[in-house]
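Colleague: let's see this in three dimensions:
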Amino acid sequence: IADDGVDVELLGRDLQIVEEIVRAAGTLAQRRQGALIVLERETNLADMIEAGVQVDASLTKELLLSIFHPTSPMHDGAVIVQEGRVASAGCILPLTVRTDLPEGLGTRHRAAVGITEETDALVVVVSEETSSISVVLGGEMLRGLDAPRLRVVLREILGGERKELP
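Modeller: Numbers count the residues shown, from 1 in each chain. Here you go, the predicted model:
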């Protein structure tokens with residue numbers, strides 16, 4: 001860990017990815033626009049996702065805001081991030097079959113839990129209903145985050161400090 005408390009492993013590209021996602025999620029939450037952002041880790045997600053549009057572009061706040069704008073044809077699906085790039089958008093994910101999820105969670109949250117039950121993916125969900133941000137990992141969900149807290153959680157997970165959610 002460096003003097004400023006940032007994990008040395010989380011420098012460069014990963015740090016930039018975290019910042020772009022945090023900035024986009026914060027803006028989307030303020031606008032009450034939903035989002036589903038899936039970060040591929042060790043498990044290849046190619047077999048887990050359906051449909052979608054191949055994008056292969058740099059991950060930026062502006063791109064994420066464009067994809068998740070309500071008039072975008074891809075806004076209802078998930079964005080898949082592979083190796084720091086937006087690989088595809090408008091993807092359909094497997095839904096969890098769990099019945100114990102909190103009341104009021106919709107398809108985005110069910111998809112986020114579903115993909116993380118079957119892979120090691122890390123998912124960020126922005127709820128258009130509540131404007132809150134959630135992180136999903138290993139089938140578990142950490143809800144009610146704001147942008148600063150999202151930044152901390154993503155840095156901890158991607159930096160290897162946190163293996164699971166509380």
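
Colleague: distance check, the most centrally placed residue in the chain against His75.
Modeller: Compute the mean C-alpha point of the chain, and by CA atoms, centre = their mean the closest residue is Val124, 2.5 Å away. Using CB to CB, to the nearest Å, Val124 is found at 15 Å from His75. Backbone N, C-alpha and C define where each C-beta goes, glycine included.

Colleague: Leu15 too?
Modeller: As judged by CB to CB, Leu15 and His75 stand 27 Å apart.

Colleague: if we can go back for a sec, part of a helix, is the residue nearest to the centre of the chain?
Modeller: No. Using DSSP: H, G, I helix; E, B strand; the rest coil, the secondary structure at Val124 is strand, not a helix.

Colleague: Val135: what secondary structure?
Modeller: Strictly by three-state DSSP, Val135 counts as strand.

Colleague: ok, and the closest non-adjacent residue to it?
Modeller: Leu142 (4.8 Å; CB to CB, 6 or more residues apart in numbering).

Colleague: which residues touch that neighbour?
Modeller: Ser134, Val135, Val136, Val153, Leu165, Pro166 (CB atoms under 8 Å, 6 or more residues apart in numbering).

Colleague: next one: the top helix by length along the chain to chain centre, how far?
Modeller: Ranked by number of residues, the top helix in the chain under DSSP state H is helix 13-31. With CA atoms, centre = their mean, to the nearest Å as the basis, the distance from the averaged C-alpha position of helix 13-31 to the chain average is 10 Å.

Colleague: over to stretch 133-146?
Modeller: Using CA atoms, centre = their mean, the distance between the centre of stretch 133-146 and that of its chain works out at 9 Å.

Colleague: also stretch 137-148?
Modeller: Computed by CA atoms, centre = their mean, the chain-centroid distance of stretch 137-148 equals 10 Å.
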